[in-house]
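Student: got a predicted model here, sequence first, then my questions.
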Amino acid sequence: MIEDIVKSILLIAVVLTIVPVLIWWERKGSAYIQDRRGPNRANILGVRLGGFILNIADAVKLFFKEDIVPRGVNRFIYILSPAVIFFTALAVSAIIPFSSPLNIGDHVITTSVVNLNVGILYALAIGSLGVYGVLLAGWSSGSSYPLFGGLRAAAQMISYEVAMGLALIGVLMWNGTFCLDEIVAIQGANICQWNIVYQPVSFILFLISIFAETNRNPFDLPEGESELVGGYHTEYSSMKFALFFMAEYAQIIVGSMLIVTLFLGGWQIPFLPTDLLIRKMPQILRYGVPVLSIIFIACGAVLFPLKGRFGWKDKRDLEPFYFGLIFITAGVVFIGLSLSGIFDVPSDSTFIIIVTSLTQAGVFLIKVLLFCWFFIWVRWTLPRFRYDQLMKLGWRVMVPLAAANIVMTGIFMIWRR
Amino acid sequence: MLFYVISTLMVVSALFVILSRSPLYSALWLVATLLIQAILFAALGAHLIAAFQVLLYAGAIVVLILFVIMLLNLSGEKLKWRALLGTRFVLAGAVLYLALILGLTLWFINIRTGDSLSTMFGIEGSSAGVAKLLLTKYALPFELTAVLLLTAIVGAVIMAKKEAVGPNKTS
């Protein structure tokens, strides 16, 4: 019970922590793609973190903005729909395994919040409820633009759910299980054994469907600014708008997690299976931590003297100084810890198992963030579809391709047997 | 105990489906009913059915119902009280009688076996269990259902394309 509560809180914390990172990337990435500098002014005591601090300014603005509920809205549904869309986005992530199951004593802890035998079907089922948030937001606003946005979203999401489900069947046939933990375990640490190698068509179709389900460019017709003002969230303000905004990023994160888990080996570190990693962990700690701390101290030594080099003539001049200080302190602390012998533990201790699990979770999050970056990259590169092109792609290209993929997978499996 | 809580909630939300004035609210209560039904399935150990319940009914079919309601912009209507007279009275009596018979039968089965229905028929609710049943014992009905659904889809497409393929096509 306590274990489940801790896991749920950790999961929500992880997803909600990545959301501001993605908003930062969206701003900074779009800026560099469009040859601009992006946010570089907002600071706390001169610390800007490359524009990341702007998120805090944003959050404060959204919290203190007047919360306008227009006349003519259906109040209950109007307030309910942002909550629905955010809840469904978060709830899907409950089945994602973050690392290999932890064997502490004779107690096995899985790293997904729930371990259902319907696995991926749960993700599809809860994900398909997300459309209610968009549809009801559009209807309850009592205005034409949101209504059109909601209707477009409903048609689009239902169409692409078909392609998404069919695309997944290839993977499920290949792995022979619905359970995400098992799918990751079957893929193994060898890159050539990952599902992306065996199921490339399925991977591409699933990726495109996730784009459509999250309403991101090039599938962002439900909120097409040039036609529908803001689409289904036109009439929302303050934190209610922020919930839609955050839900979009939460959907991207959870979608990336699903893609990574299904096709890119999840938490598997390339060519480093779990038992080997646990066996090598004491050595990695013994040599890795001092090397890491030397790198930290070197970075700090480079940053430290850069104080005032950029000539802002205000507190921003101090930023490299702060970072240099943090890096050097971290490096010194790490060296101290390593010299104190705290890392010299046998490879079957709880500490090593937890460190291994954290390493795998870190690798998993790196893969997820790479895909999140891909989402942002595509948004600022491709133009929006026309509505008929969208439907043609969904029904006439993706669904037949997915069906063909199922048949080909079946033939290949029989031939390989 | 859990069963009675869930089924009470389900019956209440099902009543709201037919008592709501606005068709949109009816549709939303239908979603609630289907979700509670999925919870009921999950509580009985039929996880696969629960997942499909949410995925297909709540996630796709009711969305289409809502879509049509919004597209046609249906507004709320007043409930009319109607008296039970003549043939309606007989029909209502027959329906109540059937419901009572069915309920009593299930109740007696429950008393005599003293067990839930899933253990009585030896049905396993996991995806593997359902798949095994569908592809061995019930393979033929399963395939026939697939053909039936295909026929329905083809029929829907033909009805939608009526003007283009009809005999009166001039161009």
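Tutor: Okay, I see it. Residues are numbered from 1 along each chain as shown, chains lettered A, B, ... in the order given.
Student: show me chain A divided up by domain.
Tutor: Annotated domains of chain A cover A:65-268+A:354-416, A:277-348 [automatic domain parsing].
Student: flag every buried residue along stretch A:144-156.
Tutor: Buried residues in stretch A:144-156, defined by neighbour count with 16 or more other CB atoms under 10 Å in any protein chain shown: A:145-156. Yep, even glycine has a C-beta here, placed from its N, CA and C like the rest.
Student: the helix or strand hosting A:V291 - contacts with which helices or strands?
Tutor: Here A:V291, judged by DSSP states H and E, is contained in helix A:274-303. The contact analysis (3 or more CB pairs under 8 Å, 6 or more residues apart in numbering or on different chains; DSSP states H and E) places helix A:274-303 against helix A:319-339, helix A:350-379.
Student: from the buried residues of stretch A:144-156, which ones fall inside strands?
Tutor: Per DSSP state E, strands hold no members of the buried residues of stretch A:144-156.
Student: quick one, which of the helices and strands packed on helix A:274-303 is nearest to chain B?
Tutor: Closest to chain B of the helices and strands packed on helix A:274-303, according to CB to the nearest CB: helix A:350-379, at 22.9 Å.
Student: for the very next helix or strand once past that closest one, give the mean pLDDT please.
Tutor: Downstream of helix A:350-379, the next assigned helix or strand under DSSP H and E is helix A:387-392. For helix A:387-392, mean pLDDT rounds to 86.
Student: contacting residues for A:N175?
Tutor: By CB atoms under 8 Å, 6 or more residues apart in numbering or on different chains, A:N175 lies in contact with A:182-183, A:186-187, A:195.
Student: need the pLDDT of B:T119.
Tutor: We have a pLDDT of 54 for B:T119.
Student: same check, this time on B:K162
Tutor: B:K162 is given a pLDDT of 66.
Student: can you list the residues of chain A near chain B?
Tutor: Residues of chain A found near chain B (CB under 8 Å from any CB of the partner chain) are A:77, A:116-118, A:121-122, A:124-129, A:131-132, A:135-136, A:138-139, A:147, A:150-151, A:154-155, A:158, A:161, A:178.
Student: swap in 6 Å and give it another go.
Tutor: For chain A, the contact set with chain B under CB under 6 Å from any CB of the partner chain comprises A:117-118, A:121-122, A:124-125, A:128-129, A:131, A:135, A:139, A:154, A:158, A:178.
Student: need the max-distance pair from those.
Tutor: Using CB to CB, those span at most 36.1 Å, a distance reached by A:N117 and A:W139.
Student: out of these two, which sits in the busier spot?
Tutor: A:W139 (25 against 18; other CB atoms under 10 Å in any protein chain shown).
Student: in what helix or strand does the residue of the stretch 51-200 of chain A found nearest chain B lie?
Tutor: Taking CB to the nearest CB, chain B has its nearest neighbour within the stretch 51-200 of chain A at A:S128, 2.8 Å off. In the assignment (DSSP H and E), A:S128 maps to helix A:120-140.
Student: so which elements touch that helix?
Tutor: helix A:75-91, helix A:144-175, helix B:47-52, helix B:62-72 (3 or more CB pairs under 6 Å, 6 or more residues apart in numbering or on different chains; DSSP states H and E).
Student: can you give the distance of the last one from its chain's centre?
Tutor: What it means is helix B:62-72. Chain-centre distance of helix B:62-72: 17 Å, with CA atoms, centre = their mean, to the nearest Å.
Student: and if you look at the first one?
Tutor: In terms of CA atoms, centre = their mean, the centre of helix A:75-91 is set 20 Å apart from its chain centre.
Student: ok, residues contacting that helix?
Tutor: A:126, A:129-130, A:132-133, A:136-137, A:140, A:240, A:243-244, A:247, A:250-251 (CB atoms under 6 Å, 6 or more residues apart in numbering or on different chains).
Student: please apply the same query to the last one.
Tutor: Taking CB under 6 Å, 6+ apart as the criterion, the residues outside helix B:62-72 that touch it are A:131, A:135, A:139, A:154, A:158, B:23-24, B:27, B:30-31.
Student: report the inter-axis angle for that helix versus helix A:144-175.
Tutor: Here helix B:62-72 runs at an angle of 160 degrees relative to helix A:144-175 (axes from the mean of the first three to the mean of the last three CA atoms, to 10 degrees).
Student: for A:A153, give its distance to A:G230.
Tutor: 13 Å (CB to CB, to the nearest Å).
Student: find residues that contact each of the two.
Tutor: With CB under 6 Å, 6+ apart, A:A153 and A:G230 have no common neighbours.
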